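[1] Generate a structure from the sequence data that follows.
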Amino acid sequence: MNNELTVQRFPWEPVPSSPEDDIAKLKNDFAYAVRNTAIAVHSSNPDFRLLANTPRGQIVPRGEVKFTDGTTLELQDIGMCQPGIPYMTVQEIMTHIWGLAKELGLELVK
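    Coordinates of the predicted model:
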């Protein structure tokens with residue numbers, strides 16, 4: 001009698017990985033999470049809303065700003081990178097925001 005436990009697999013099921021492979025993948029994921037975070041752009045105007053992964057250690061503008069049409073905008077470092085989101089630097093995020101504001105003819109309220 002065979003004492004080995006055999007598991008019947010369907011063809012579409014992934015081949016199980018070894019514990020060593022799983023540990024290597026987890027180490028890689030954790031290293032990415034340590035080096036990166038995510039920035040959420042909160043706004044009363046949905047056109048400005050954005051979520052992007054970005055390297056840690058950048059200066060993120062703080063506080064809420066208001067545009068001439070009453071649109072508010074604020075950046076938040078949410079502390080953890082997010083899967084499936086674009087990767088941008090803070091400078092690229094700000095360039096995107098100011099480009100959109102210019103397209104809409106908006107200026108900051110002083």
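[2] what about the residue nearest the centre of the chain, which SS state?
    The residue lying closest to the centre of the chain (Cα atoms, centre = their mean) is residue 53, at 3.3 Å. Secondary structure state of residue 53, per DSSP: H, G, I helix; E, B strand; the rest coil, is strand.
[3] just residue 57 next, same as before
    Recorded secondary structure, residue 57: coil (three-state DSSP).
[4] Around it, how many other residues sit close by?
    Here the number of neighbours of residue 57 (other Cβ atoms under 10 Å) works out to 7. Every C-beta, even on glycine, is put in place using the N, C-alpha and C of the backbone.
[5] ok, now residue 71?
    By the criterion of other Cβ under 10 Å, residue 71 has 17 neighbours.
[6] What is the burial count for the spatially closest residue to it that is not a sequence neighbour?
    Nearest non-adjacent residue to residue 71, counting by Cβ to Cβ, 6 or more residues apart in numbering: residue 45, 4.3 Å away. Residue 45 has 16 neighbours, counted by other Cβ under 10 Å.
[7] Brilliant, that's me finished.
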